[in-house]
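Novice: fold the stuff below for me.
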Amino acid sequence: MHNPRPVNLICDATFYGKRRDKLGTLVFMDSITHEILIWKHIQTEEVSDYKYLLNELLKLGYEIQSVTIDGKRGISSVFKEYPVQMCHFHQKRIVQRYITLHPKLEASQKLQKIMSRLKYSNETRFTRTLDIWYLQYKSFLEEKTLHADSGKSSFTHKKLVAAYRSVRRNLPLLFTYKNHKHLSMFNTTNLIEGGVFSPLKILIIIHRGLSKSLKLKIVDDYLLTYRKK
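Specialist: This is a model prediction of the structure:
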């Protein structure tokens, strides 16, 4: 039973089994009450799925105050009318994926240190620190390697460049929760990822031998029950 009201959305998706199974669920939760408002079973995580669930909530009469999302490209555009916060955990994980957990390059080590201070900083201070880092390593980042086989060149430290560009691109979304303190937004999607998805995945593993349709029925029953807690 829905109770339309002002909500702060946290949106995240998870998948069960192997990638080829194409079996997952997108969940929208209200971070104020920790109530799961709506969900959709998906094969792949598409922007259109986020649009669909948002429109369904609006049709039901909910007022969206803010949205916290993961790092998938294009999702923020769905919620462009609302204050949007990108999950700090996902941003750190993106950087880690590029520079590894134990980077060897000095520039990567310093970028890692900057990211470790993300939640303790604010937009002005973090941007200034990132700018100083960039100016210090600008020449290093712009180094190119010529590939003899193709005659083309690419960034020598392309993974580090990709990590930096990710942070720079998402910077406008990293401090929304501090710029709109009155909304009491969350800066991560952990309420869903850890609180909802972790036990749900354990449940699916226990029933790994079931068909896809029965697995999704288990997911529906779990989310309906969670919704009433």
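
Novice: so which elements touch the longest strand seen in the chain?
Specialist: Taking DSSP state E as the assignment, the strand of the chain that covers the most residues is strand 6-15. Contact here means 3 or more Cβ pairs under 8 Å, 6 or more residues apart in numbering; DSSP states H and E; on that basis strand 6-15 packs against strand 24-30, strand 35-42, helix 47-60, strand 63-69, helix 190-192. To be clear about C-beta, it is placed using only N, CA and C from the backbone, and glycine gets the same treatment.

Novice: go through it and flag the buried ones.
Specialist: Val7, Asn8, Leu9, Ile10, Cys11, Asp12, Ala13, Thr14, Phe15 (16 or more other Cβ atoms under 10 Å).

Novice: next, format those as JSON lines and append pLDDT.
Specialist: Output for the buried residues of strand 6-15, formatted as JSON lines (pLDDT from 0 to 100):
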{"residue": "Val7", "pLDDT": "98"}
{"residue": "Asn8", "pLDDT": "98"}
{"residue": "Leu9", "pLDDT": "98"}
{"residue": "Ile10", "pLDDT": "98"}
{"residue": "Cys11", "pLDDT": "97"}
{"residue": "Asp12", "pLDDT": "96"}
{"residue": "Ala13", "pLDDT": "95"}
{"residue": "Thr14", "pLDDT": "93"}
{"residue": "Phe15", "pLDDT": "92"}
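
Novice: which one among those gets closest to Gly61?
Specialist: Closest approach between these and Gly61, by Cβ to Cβ: Val7, at 10.8 Å.

Novice: what sits against that closest one?
Specialist: Each residue near Val7 by Cβ atoms under 8 Å, 6 or more residues apart in numbering is listed here: Asp30, Ser31, Ile32, Thr33, Leu37, Leu57, Tyr62, Glu63, Ile64, Gln65.

Novice: try Ile69
Specialist: Here Ile69 is in contact with Cys11, Asp12, Ile75, Ser76, Phe79, Val84, Gln85, Met86, Cys87, Thr189 (Cβ under 8 Å, 6+ apart).

Novice: got the confidence number for the residue positioned nearest the centre of the chain?
Specialist: The chain has Asp70 as the residue nearest its centroid, 1.1 Å off, counting by Cα atoms, centre = their mean. Note on Asp70: pLDDT of 91.

Novice: can you check Lys178 too?
Specialist: For Lys178, the model assigns a pLDDT of 97.

Novice: identify all contacting residues around the host helix or strand of it.
Specialist: Taking DSSP states H and E as the criterion, Lys178 maps to helix 176-179. Residues outside helix 176-179 that contact it (Cβ under 8 Å, 6+ apart) are Ser66, Thr68, Pro83, Val84, Gln85, Met86, Asn122, Glu123, Leu183, Met185, Phe186, Asn187.

Novice: list the ones among these that fall in helices.
Specialist: Judged by DSSP state H, helices contain the following of the contacts of helix 176-179: Glu123.

Novice: restrict the contacts of helix 176-179 to the buried ones and give me that as a ChimeraX selection.
Specialist: ChimeraX command restricting these to the buried ones, with burial defined by 16+ other Cβ under 10 Å:
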select :66,68,83,84,85,86,183,185,186,187
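
Novice: ok, of the contacts of helix 176-179, which one's closest to Lys217?
Specialist: Nearest to Lys217 among the contacts of helix 176-179, with distances taken as Cβ to Cβ, is Thr68, at 28.5 Å.
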